[in-house]
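[1] quick one, what's the 3D model for this:
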Amino acid sequence: MKINFGLPQFQLSSKYIHFEDHSSYLIHKHATNVPLDMLFTSFELKVTSDCIILNYNESADIKTGMYCNGENQFLVFYVNGERYYSDISQYVLAHNDRILVSFGDAESISKQLSYLESLKILDIPKKTPQYSGNEIFI
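    Numbering: from 1, shown residues only. Predicted coordinates for the structure are as follows:
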């Protein structure tokens, strides 16, 4: 299962943590100590240890698109290339983290990990402002 987070309904869905600039890979945070659950909840996605539930609405008990561990497909989490066994929804992103939340078979997950590692992380360099008279150069 692949979700394109570059679609409009996933962009800028929370003022604290969101995808932006039509990117399906880049997560932007405006606050510290924000867990991934805040991102997931902003577009009605619930991630548990064994299921991904789309359009989840607990009060109305609407569960559209449930993808749960089964015989040949399973849900796994990776953080920076290492299998992550804790609650991924409570994970707080660090700068340049590579996160994989995947539901599929072993072969597809291996391909996804390779693809994730191949993505170039573009960083905005931090520069010290240089002051010269009335002009500011950054």
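[2] packing partners of the longest helix along the chain?
    The helix that spans the most residues within the chain, counting by DSSP state H, is helix 106-118. Using 3 or more CB pairs under 8 Å, 6 or more residues apart in numbering; DSSP states H and E as the contact test, the elements touching helix 106-118 are strand 74-79, strand 99-104. To be clear about C-beta, it is placed using only N, CA and C from the backbone, and glycine gets the same treatment.
[3] please identify the buried residues of the first one?
    It stands for strand 74-79. Neighbour-count burial for strand 74-79, with 16 or more other CB atoms under 10 Å as criterion, is recorded at 74-79.
[4] secondary structure element for Leu39?
    Following DSSP states H and E, one finds Leu39 within helix 36-42.
[5] what does that helix rub up against?
    Taking contacts as CB atoms under 8 Å, 6 or more residues apart in numbering, the residues outside helix 36-42 that touch it are 13-14, 16-18, 27, 46-47, 88-93, 99.
[6] let's go with 10 Å and repeat that
    The contact list for helix 36-42 (CB atoms under 10 Å, 6 or more residues apart in numbering) reads 5, 10, 12-19, 27-29, 31, 35, 45-47, 52-53, 56, 77, 87-93, 99, 101.
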